[in-house]
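J.: just coords:
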């Protein structure tokens, strides 16, 4: 083990290159395995809608006509039309629509696979920046690579990185912005400010909640100036940061072009109050998205984050909080010790800590409307993994024996292998991962495949069962729009499937999943007729994904 550790230390750059190369290769060879999510049709429409808007200011009429043709061909999405609800960020959707048009990607299977690969590629790039962020803070290769693996091998995050082109894009942009934030904490200069403001603006244009990052950065430096750590003259750099941040934000968010301040404030207001008014299965009860219990966010995070991450995170949070408390008690006005941090690294830890808990408390106590777990706030995972890595670093420092440090690294390695096996076991449904705290019974009482990814596998299963049948009628005992999964099948197979919804008397097969917008305990909308028999089900690690029912009447 000692020889292996010495080899790693001497060849860290080569190992790092091979590590990221392997990660990229895994993504390239598996991105086509994932089904289409329920929101992808909307986001494709949104991209073309705003691309058409941008092109209206240019002389490229022929190109814009192609965009309009694609825009007019898209229909059937669930979310509100951007014409009436234009606040969604388009930092991913608009460029994806541009590339699709430029390279004439016409078949639906191809352009959805392209979007999946592009989503993964951006997450892959963010993982490189997360490593750089950790190395910036800890200056330790072993700790940084372990933390980066924590970041990558978070099952729900990993699975979403192939198709969730809003929450994962936001997470990725926040990650890159935080790296440049750390660079500014190291040295507040115009180069670092420009990069930080650029990616902070990109993140905010993806999801308006990104405004917390520049606000917290401003507050940290404001208190530094008050404490005398920085001369007041340096405030002009912060003013420059805020100015260029808003300039970038307006550039990257077309919705702000006509009325920047009014539309930005409108987006902030709608973020916390907009609701589709649906019911969600949570702890066995169907709850309204308008009235989430305070336990909703902590429960979802606690059940779907690997327990080792949670253990390290809780210890790390306690450690940082204790340090802040004692720093506060020992503040002396006429001393160099008059701040809540000692040095730049402690300031970085404080910045991460305050962002996580500040945003978390805001989401809970402002009763922000969320849907289907905590996917809309997956970016909080960045802070969870950072604090987990911080605690791993503390353990590493406190172990004086070289052999004990090797044992710690080896234990982390074994755990990461175990988590890697989990990714394989759940593939391509890492989005339904629950940790060991979730019992089999509890899994039955939570929403599972709310993205509708299993629709592709269900349809392929039916096509294999009926290879010679020219038309197969499919009923759906679920709120999921199964018809959208047709888009990712081969052209010929799409023609064979006929969706009949809840007209079960016409169905040959019924797709059943645990997703409903109504309370199934009192509403029989999705009750399956007695003449249908369950012939197959997909269960992964005691988690039921979907069931197949067949009509027994010829």
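T.: The structure has been received and is ready for your questions. Keep in mind that what you see is a predicted model, and the values were worked out from it rather than measured.
J.: what's the offset of the longest helix seen in the chain from the middle of its chain?
T.: Taking DSSP state H as the assignment, the helix of the chain that covers the most residues is helix 108-138. Offset of helix 108-138 from its chain centre (Cα atoms, centre = their mean, to the nearest Å): 11 Å.
J.: packing partners for the helix or strand that that helix is followed by?
T.: Using DSSP states H and E, the helix or strand that directly follows helix 108-138 along the chain is helix 141-152. On a contact count with 3 or more Cβ pairs under 8 Å, 6 or more residues apart in numbering; DSSP states H and E, helix 141-152 meets helix 2-10, helix 12-30, helix 108-138, helix 380-398, helix 402-426. C-beta: built from backbone N, CA, C; applies to glycine.
J.: residue ranges in the chain under the pLDDT threshold?
T.: Along the chain, the model assigns pLDDT under 70 to residues 1-9, 225-233, 272-277, 331-339, 554.
J.: now whichever strand or helix holds residue 247: buried residues?
T.: Element membership for residue 247 (DSSP H and E) is helix 235-252. The neighbour-count check on helix 235-252 (16 or more other Cβ atoms under 10 Å) flags 237, 238, 241, 242, 244, 245, 246, 248, 249, 250, 252 as buried.
J.: how about stretch 202-217?
T.: 202-214, 216-217.
J.: next one: stretch 122-139
T.: Buried residues in stretch 122-139, defined by neighbour count with 16+ other Cβ under 10 Å: 122-138.
J.: what sits up against the helix or strand hosting residue 63?
T.: In this structure, residue 63 sits in helix 61-73 according to DSSP H and E. With contact meaning Cβ atoms under 8 Å, 6 or more residues apart in numbering, helix 61-73 is reached by 45, 48, 49, 51, 52, 55, 56, 58, 97, 100, 101.
J.: any chance of the residues you listed in CSV, with secondary structure and distance to residue 151 too?
T.: Converted to CSV, these look like this (DSSP: H, G, I helix; E, B strand; the rest coil; distance: Cβ to Cβ, whole Å):
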residue, secondary structure, distance to residue 151
45, helix, 31
48, helix, 32
49, helix, 33
51, helix, 32
52, helix, 36
55, helix, 37
56, coil, 40
58, coil, 39
97, helix, 29
100, helix, 29
101, helix, 33
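J.: who touches residue 160 in this structure?
T.: Contact partners of residue 160, counting by Cβ under 8 Å, 6+ apart, are 167, 168, 375, 378, 430, 431.
J.: switch to 10 Å and redo it
T.: For residue 160, the contact set (Cβ atoms under 10 Å, 6 or more residues apart in numbering) comprises 34, 37, 119, 123, 154, 166-168, 171, 375, 378, 430-431, 451, 453.
J.: that one and residue 219, how far apart?
T.: 30 Å (Cβ to Cβ, to the nearest Å).
J.: ditto for residue 200
T.: On the measure of Cβ to Cβ, residue 200 and residue 219 end up 14 Å apart.
J.: ok, those two, which is more surrounded?
T.: More crowded of residue 200 and residue 219, by other Cβ atoms under 10 Å: residue 200, with 29 against 13.
J.: neighbours of the closest residue to that one other than its chain neighbours, just the number please.
T.: Distance criterion Cβ to Cβ, 6 or more residues apart in numbering; nearest residue to residue 200, sequence neighbours excluded, is residue 177 at 4.6 Å. Number of residues near residue 177 (other Cβ under 10 Å) recorded here: 26.
J.: again with the one 5 residues further on
T.: Neighbour count for residue 182, taken as other Cβ under 10 Å: 22.
J.: ok, the contacts of residue 160 vs residue 463, which is closest?
T.: Nearest to residue 463, judged by Cβ to Cβ, of these is residue 453 at 17.2 Å.
J.: give me every residue that touches that closest one.
T.: 33-38, 159-160, 162-163, 428-432, 480, 485, 488, 545.
J.: could you list which of those residues belong to strands?
T.: residue 545 (DSSP state E).
J.: just the ones of the contacts of residue 453 in helices?
T.: 159, 160.
J.: any of the contacts of residue 453 buried? List them.
T.: Using 16+ other Cβ under 10 Å as the burial test, the contacts of residue 453 include 34-38, 159-160, 162-163, 428-432, 480, 485, 488, 545 as buried.
J.: sorry, back to before: now, the buried residues of stretch 202-217 that are in strands?
T.: Cross-referencing the buried residues of stretch 202-217 against strands under DSSP E gives no overlap.
J.: quick check: phi and psi on the most centrally placed residue in the chain?
T.: Closest to where the C-alpha atoms of the chain average out (Cα atoms, centre = their mean) is residue 168, at 3.1 Å. The phi and psi values for residue 168, taken as degrees, to the nearest 10, are phi -80, psi -30.
J.: what about residue 313, how many residues close to it?
T.: Neighbours of residue 313 under the rule other Cβ under 10 Å: 23.
J.: ditto for residue 52
T.: 17.
J.: ok so, going back, give me the helices and strands touching the helix holding residue 247, please.
T.: helix 167-186, helix 190-206, helix 212-226, helix 260-273 (3 or more Cβ pairs under 10 Å, 6 or more residues apart in numbering; DSSP states H and E).
J.: in the longest one, what counts as buried?
T.: Of the residues in helix 167-186, those buried by neighbour count under the rule 16+ other Cβ under 10 Å are 167-185.
J.: can you check stretch 355-375 too?
T.: The neighbour-count check on stretch 355-375 (16+ other Cβ under 10 Å) flags 355-356, 359-360, 363-364, 368-370, 372-375 as buried.
J.: can you get me the start-to-end distance on it?
T.: One end of stretch 355-375 sits 18 Å from the other (Cα to Cα, to the nearest Å).
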